[in-house]
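Colleague: What follows is a predicted structure for the sequence shown.
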Amino acid sequence: VQLQASGGGLVQAGEPLSLSCAASGFTADYNFIGWFRQAPGKRREGISYISLSDGETDYRDSVKGRLTISRDNPKNTLYLQMISLKPEDTAMYYCAKWVNPTPEYDYWGRGTLVTVSS
């Protein structure tokens, strides 16, 4: 199993940014991909997830309306589109895999850094 997040960078507040997560080594069945972020000095937090089988999604309340998670199964790629970015969105962003009904994410990719300047 491999996961690799990419697309991070430096943007100004209010601008959009789209992240990608290249995934390989597993099928869509029972698998979910989650996006997490960890800001400097803060705990990692989950911000969104998507089911690879039926596209079910969910979002952390603080990002609802600004983030959209999507999948392109033939390309084995997940996306996180972010709009109206704020300085507090600055963090390392990670994608991770979860198999339903196990309790924890079992594979994590290397993160991509998003920096939002004010």
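Modeller: Arrived safely, thanks for sending.

Colleague: Spit out the contact partners of C95.
Modeller: 3, 5, 21, 23, 33-36, 78, 80, 108-109 (Cβ atoms under 8 Å, 6 or more residues apart in numbering). From N, CA and C alone the C-beta is placed, and that goes for glycine too.

Colleague: Closest to the centroid, which residue in this protein?
Modeller: When Cα atoms, centre = their mean is applied to the chain, the residue found nearest the centroid is W35 (2.6 Å).

Colleague: So in that sheet, which strands flank the helix or strand containing that residue, and in what orientation?
Modeller: Following DSSP states H and E, one finds W35 within strand 31-38. Here strand 31-38 is paired, per DSSP bridges, with strand 45-51 (antiparallel), strand 91-99 (antiparallel).

Colleague: give me the number of residues near V63?
Modeller: By other Cβ atoms under 10 Å, 19 other residues sit near V63.

Colleague: actually K75, not the one I wrote
Modeller: In terms of burial, K75 registers 11 neighbours under the definition other Cβ under 10 Å.

Colleague: From D29, how far out is it?
Modeller: 18 Å (Cβ to Cβ, to the nearest Å).

Colleague: now the strands for the chain?
Modeller: The residue ranges that make up the strands of the chain, judged by DSSP state E, are 2-6, 9-12, 17-24, 31-38, 45-51, 57-59, 67-72, 77-82, 91-99, 105-108, 112-117.

Colleague: Let's have those strands in JSON lines, adding mean pLDDT.
Modeller: Shown next, in JSON lines, are the strands of the chain (pLDDT from 0 to 100):
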{"stretch": "strand 2-6", "mean pLDDT": "96"}
{"stretch": "strand 9-12", "mean pLDDT": "98"}
{"stretch": "strand 17-24", "mean pLDDT": "97"}
{"stretch": "strand 31-38", "mean pLDDT": "96"}
{"stretch": "strand 45-51", "mean pLDDT": "96"}
{"stretch": "strand 57-59", "mean pLDDT": "97"}
{"stretch": "strand 67-72", "mean pLDDT": "96"}
{"stretch": "strand 77-82", "mean pLDDT": "97"}
{"stretch": "strand 91-99", "mean pLDDT": "96"}
{"stretch": "strand 105-108", "mean pLDDT": "94"}
{"stretch": "strand 112-117", "mean pLDDT": "98"}
